[in-house]
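Q: this one's structure only:
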């Protein structure tokens, strides 16, 4: 997992100095851990060092697309099971893609920590790339693009400004991708 930068398990402590321990696994994954035994919850953040800056014309938007795909099944936990199991165990999650990273956030009771690590391990190591799900998520991403960019004056202006400001830099690539690329992604991509 060359793109995985780290995991942070933390509980919010306002105005306090946080003691964080660092561990590096054999595969290079870095873990940053802050323990707080005063609360019954945990937060798990996974940061992948990949975003729109890692894309090129023809495959723009793939980082954001894979953010979506990470919720659509793996070997052990099938389609939509990540969210279902998370919610059944009192947790919630979200994700986002930027120019530089893709991040996944999980918040859950500490009693569910083994399940959360198992589910994250499954989707990181064994993501299912089902052609039907690929087409479904392509439609979801394209719909999101229409909502946030194509049908938004502010979104269109931001995209055009970034493309002009970063003409010779990958930051000019829109995170959600160019329409022509979204329409033509292939399984090989």
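A: Received it, and whenever you're ready, just let me know what you need. Predicted, not measured: the structure shown is a model, and the values here were computed from it.

Q: Quick check: buried residues in the longest helix anywhere in the chain?
A: In terms of residue count, the longest helix belonging to the chain (DSSP state H) is helix 131-145. Neighbour counts over helix 131-145 (16 or more other CB atoms under 10 Å) mark 133-134, 137-138, 141-142, 145 as buried. Yep, even glycine has a C-beta here, placed from its N, CA and C like the rest.

Q: Let me have these in TSV, adding pLDDT as columns.
A: TSV is the format used below for those (pLDDT from 0 to 100):
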residue	pLDDT
133	90
134	91
137	92
138	94
141	96
142	95
145	97
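
Q: which one of those residues sits closest to residue 44?
A: residue 137 (23.1 Å; CB to CB).

Q: shaky segments in this protein?
A: 1-17 (pLDDT under 70).

Q: could you redo the last one with a cut-off of 80?
A: 1-18 (pLDDT under 80).

Q: related to what we said a few turns ago, can you name every helix or strand that the longest helix of the chain contacts?
A: With contacts taken as 3 or more CB pairs under 8 Å, 6 or more residues apart in numbering; DSSP states H and E, helix 131-145 sits against helix 62-69, helix 179-184.

Q: Which residues outside that helix are in contact with it?
A: Defining contact as CB atoms under 8 Å, 6 or more residues apart in numbering, one finds that helix 131-145 is touched by 61, 64-65, 68-69, 72-73, 79, 176-177, 179, 182-183, 185, 187.

Q: If we use 6 Å, what do you get?
A: Under the contact criterion CB atoms under 6 Å, 6 or more residues apart in numbering, helix 131-145 has outside partners 65, 68-69, 72, 176, 182.

Q: ok and that helix relative to helix 62-69, angle-wise?
A: If you take axes from the mean of the first three to the mean of the last three CA atoms, to 10 degrees, helix 131-145 sits at 120 degrees to helix 62-69.
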